[in-house]
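Asker: Need a 3D model of the sequence below.
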Amino acid sequence: MKKIEAILRPQKLHDTIKALHAIGVTAFTVNQVVGRGLQKERSGIYRGQNYNVSLHPKVKMEIVISDYMVERTVKAIVSAAQTGEAGDGKIFVSSVEQAYNIRTGLIDETIDELRPTTGEA
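Answerer: Numbers count the residues shown, from 1 in each chain. Predicted coordinates:
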């Protein structure tokens, strides 16, 4: 199993969810986060006070998926979330050693319903 963490622009979340659903990925977690990469600081004036914004609003999607779905999932996220400008985000893929089903307390070996059928890899 792998865990995919994708940090992307909030306005690209809906498109990314649609792209994931199109490939059969329906289980994920989304959090609102702030961060800074190559995007520049923004400054402005609010109620007569100058301000600088160095942390930008983002969303972080976390998806735990079977190994064979990683490449397809990453491609779907990139195609949906990419604008070509600084600040599009990052995708991190890491290994998951075990997952447990809270309801049963057992190790969950069927992390997704997308098991390869005979002949699929």
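Asker: Quick check, pLDDT for Tyr100.
Answerer: On pLDDT, Tyr100 comes in at 88.
Asker: In contact with it, which residues?
Answerer: 106-108 (CB atoms under 8 Å, 6 or more residues apart in numbering). No exception for glycine: its C-beta is placed from N, CA and C like everyone else's.
Asker: Ile111 now?
Answerer: Residues counted as contacts of Ile111 (CB under 8 Å, 6+ apart) are 1, 64-66, 96, 99.
Asker: Confirm it sits in a strand?
Answerer: No: Ile111 is assigned coil when assessed by DSSP: H, G, I helix; E, B strand; the rest coil, not a strand.
Asker: Can you give me the distance of it to Glu85?
Answerer: 34 Å (CB to CB, to the nearest Å).
Asker: count of neighbours near Ala22?
Answerer: Residues within reach of Ala22, counting by other CB atoms under 10 Å, total 10.
Asker: typed the wrong thing, it's Ala76
Answerer: For Ala76, the neighbour count with other CB under 10 Å is 20.
Asker: And Met1, by the same measure?
Answerer: The burial count for Met1: 17, using other CB under 10 Å.
Asker: ok, the closest residue to it other than its chain neighbours to Leu13 distance?
Answerer: Leaving out its chain neighbours, the residue that sits closest to Met1 by CB to CB, 6 or more residues apart in numbering is Val96, at 4.1 Å. For Val96, the distance to Leu13 equals 23 Å [CB to CB].
Asker: Who has more neighbours out of the two?
Answerer: Applying other CB under 10 Å to Val96 and Leu13 shows that Leu13 carries more neighbours, namely 18 against 12.
Asker: So the more buried one sits against Val30, correct?
Answerer: Yes: look at Leu13 against Val30 with CB atoms under 8 Å: they come within range, at 6.8 Å.
Asker: mean confidence for the lengthiest strand in the chain?
Answerer: Longest strand in the chain, counting residues (DSSP state E): strand 56-65. Mean pLDDT, computed over strand 56-65, is 94.
Asker: Stretch 5-16 now?
Answerer: 97.
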